[in-house]
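Asker: here is the input, now give the coordinates:
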Amino acid sequence: MNTTEGGRKRRRHSAEFKAKVVAASRQPGVSMAAVALAHGLNANLLRRWVVEAGHRPKRALPARSPTLTDTALPAFVALPLPTPSSASPLALADPIRIELARGDTTIRVQWPLSAAAQCAAWLRELL
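Answerer: Residues are numbered from 1 along each chain as shown. Next up is the predicted model:
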């Protein structure tokens, strides 16, 4: 039933309607917002009706990934890393290569990997 209050229409709902909507919102796996939307109500109004009916409002559960199982996942996963001795000597000998281009001018710099800290300091100074 609608009543006029200061130029605005205010809807009044019967106790049966409220009970029906509250019961629908209490079903497992049902969203209160979805029930409210389906009945043309504001979700906050439905939440108030649930509290007035003596129920605690359902809390939203965090979204779960559908690919995860309920088994506990390890907190740490060890990955095998190559030891410095097993790395190829050629990779350690590869220099740091830097190419700077500005307009038509290009500067190419090769810096020994063993002096990476000095290369970083030079770049900071240059830039």
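
Asker: buried ones in the helix or strand harbouring Ala34?
Answerer: Secondary-structure assignment from DSSP states H and E places Ala34 in helix 32-38. In terms of neighbour count (16 or more other CB atoms under 10 Å), helix 32-38 has its buried residues at 32-33, 35-36. The C-beta positions use only the backbone N, C-alpha and C, and glycine is treated the same way.

Asker: next, give me the two most distant ones among these.
Answerer: Comparing all pairs in the buried residues of helix 32-38 by CB to CB, the longest separation belongs to Ala33 and Val35, at 7.4 Å.

Asker: so what are the domain limits for this protein?
Answerer: Using automatic domain parsing, the domains assigned to the chain come out as 8-52, 91-126.

Asker: re the thing from before, which neighbouring elements make contact with the helix holding Ala34?
Answerer: Counting by 3 or more CB pairs under 8 Å, 6 or more residues apart in numbering; DSSP states H and E, the packing neighbours recorded for helix 32-38 are helix 15-25, helix 43-52.

Asker: circling back to that earlier point, nearest to His55, of the buried residues of helix 32-38?
Answerer: The closest of these, once distances to His55 are taken by CB to CB, is Met32, at 10.8 Å.

Asker: just checking, the closest one touches Arg48?
Answerer: No: Met32 lies out of contact with Arg48 (CB atoms under 8 Å); the separation is 10.9 Å.

Asker: restricting to C-alpha, output the helix or strand hosting Glu125 in PDB.
Answerer: When secondary structure is defined by DSSP H and E, Glu125 falls within helix 116-126. Extracted as PDB, the C-alpha positions of helix 116-126 are listed here (Å, rounded to 0.1, in the frame of the first residue of the first chain):
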ATOM      1  CA  ALA A 116      77.700  -3.900 -11.700                       C
ATOM      2  CA  ALA A 117      77.700  -1.500  -8.600                       C
ATOM      3  CA  GLN A 118      80.000   1.000 -10.400                       C
ATOM      4  CA  CYS A 119      77.700   0.700 -13.500                       C
ATOM      5  CA  ALA A 120      74.700   1.600 -11.400                       C
ATOM      6  CA  ALA A 121      76.500   4.600  -9.800                       C
ATOM      7  CA  TRP A 122      77.500   5.800 -13.300                       C
ATOM      8  CA  LEU A 123      73.900   5.500 -14.600                       C
ATOM      9  CA  ARG A 124      72.500   7.400 -11.600                       C
ATOM     10  CA  GLU A 125      75.100  10.200 -12.200                       C
ATOM     11  CA  LEU A 126      74.400  10.200 -15.900                       C
END
